[in-house]
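generate a structure from the sequence data that follows.
(one chain, ligands or ions: 2)
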Amino acid sequence: MQHLVAPSLLSADFLNLKQDIELVNRSKADLFHVDVMDGHFVPNISFGFSIIKQIKEIATKPLDVHLMISNPDLYISDFREAGADWLSVHYETCPHLHRTVQQIRKMKMKPGVVINPHNNVELLRDILPYIEFVLLMSVNPGFGGQHFIESTYQRIAKLDAMRREINPDLFIEVDGGVDTGNASQLVEAGADILVAGSAVFKSGDPEQTIRKLKTLS
Ligand code: DX5
Ligand code: ZN
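Residues are numbered from 1 along each chain as shown. Ligands and ions are numbered 1, 2, ... in the order given. As a prediction, the model looks like this:
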């Protein structure tokens, strides 16, 4: 399978959000990555339902919504109504993760689980059969433009071995500090989805950068 590219709108120009969404629509990107932060689970606040609804109105590709919020269980149906197609929750925020994942699936979204850089991928072993994707943070969540953490390659490889054994259809998504310099190595290690925020939107030619992330050229 060819890997997917998901530009993160966190680094888009919010005063010209429509233009940036249209740029992603016509690019080789596969998904819109939408980061929701609550100022509680992570030390930053991004955007919520009304913005996501508006993004959904013009986006022609699925919305991959990454929840960096405490108590995500309270809002699963709201995110569905806002337009989420893929919905990921942090392992660290869900004491009843199996139930949360079932709820997400019941709402007709693809369930994903996210882990922070310090958490061992082994934690995911028992939930792997129930989810569609794992999002491995390659920075500490909360901000765009941070430095990629090198141990991510080994973590992907470890998760790749585990999914072959338990759930070969699982997607591995990597988020944080991804750029055209490390994309090939990430895909080689086993990544299926590359999230890139600043590498795309802070580049001179975002469409071309998306193409490079897609073709690994
Ligand atoms: C960080 C977010 C990322 C962020 C990535 O907490 O989850 O999706 O937008 O930004 P870059 O690609 O700039 O590291
Ligand atoms: Zn994200």
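
stretch 22-32: end-to-end distance?
11 Å (CA to CA, to the nearest Å).

how far does that stretch sit from its chain's centre?
Taking CA atoms, centre = their mean, to the nearest Å, one finds stretch 22-32 lying 15 Å from the centre of the chain it belongs to.

same question for stretch 67-79.
15 Å.

pull it out as CSV, backbone CA atoms only.
Output in CSV follows, covering the C-alpha atoms of stretch 67-79 (Å, rounded to 0.1, in the frame of the first residue of the first chain):
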residue,chain,number,x,y,z
LEU,A,67,-8.2,14.8,20.1
MET,A,68,-5.7,16.2,22.6
ILE,A,69,-8.4,16.7,25.2
SER,A,70,-9.2,15.4,28.6
ASN,A,71,-12.5,13.3,28.8
PRO,A,72,-12.9,12.8,25.1
ASP,A,73,-15.8,10.4,25.8
LEU,A,74,-18.0,13.3,26.5
TYR,A,75,-17.7,14.6,22.9
ILE,A,76,-17.6,11.7,20.6
SER,A,77,-21.0,12.3,19.0
ASP,A,78,-20.3,16.0,18.7
PHE,A,79,-17.1,15.3,16.7
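
buried set for that stretch?
Within stretch 67-79, the residues that count as buried by 16 or more other CB atoms under 10 Å are 67-70, 72-73, 75-76, 79. All C-beta spots, glycine's among them, are computed from the backbone N, C-alpha and C.

ranges for the helices of this protein?
17-26, 49-58, 76-82, 97-106, 152-166, 183-189, 198-201, 206-215 (DSSP state H).

out of these, the one nearest ligand 1 is which?
helix 198-201 (3.3 Å; CB to the nearest ligand atom).

what does the closest one contact?
7-8, 11-13, 20, 144-145, 178-180, 206, 209-210, 213 (CB atoms under 8 Å, 6 or more residues apart in numbering).

swap the cut-off to 7 Å and go again
The contact list for helix 198-201, computed with CB atoms under 7 Å, 6 or more residues apart in numbering, reads 7, 11-12, 20, 144-145, 178-180, 206, 209-210.

for ligand 2, what's its nearest residue on the protein.
Scanning the chain for the residue nearest ligand 2 gives His66, at 3.8 Å (criterion: CB to the ion).
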